[in-house]
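[1] 3D, please:
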Amino acid sequence: MACDNKTNCTCTYPCSRRGKCCECVAYHRDRGQVPGCFFSAAGEKTYDRSLENLISDRKKDSC
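    A predicted model of the protein is given here:
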């Protein structure tokens, strides 16, 4: 399965997994985190990858 998605990757953190969705999701899942692409643009820029921050971000995004 192809794993590169550099043209649509919304994460701004510069790392070796950026745009490699499968690697990125696996990396964050192993650490109990959520990938940056799951957040709004403002939420992603906090670099807080916690589930609590995602829930808070989504509540703000839906208002």
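[2] OK, contacts around the residue most central in space within the chain?
    For the chain, Gly36 is the residue whose C-alpha lies nearest the centre (C-alpha atoms, centre = their mean; 1.6 Å). Counting by C-beta atoms under 8 Å, 6 or more residues apart in numbering, Gly36 touches 10-13, 44, 47, 49. In this view, the C-beta of every residue, glycine as well, is placed from N, C-alpha and C.
[3] can you tell me which of these are in helices?
    Using DSSP state H, the subset of the contacts of Gly36 located in helices is Glu44.
[4] which among the contacts of Gly36 gets closest to Ser62?
    Closest approach between those and Ser62, by C-beta to C-beta: Glu44, at 16.1 Å.
[5] the closest one and Asp61: what is the separation?
    In this view, Glu44 and Asp61 are 11 Å apart by C-beta to C-beta, to the nearest Å.
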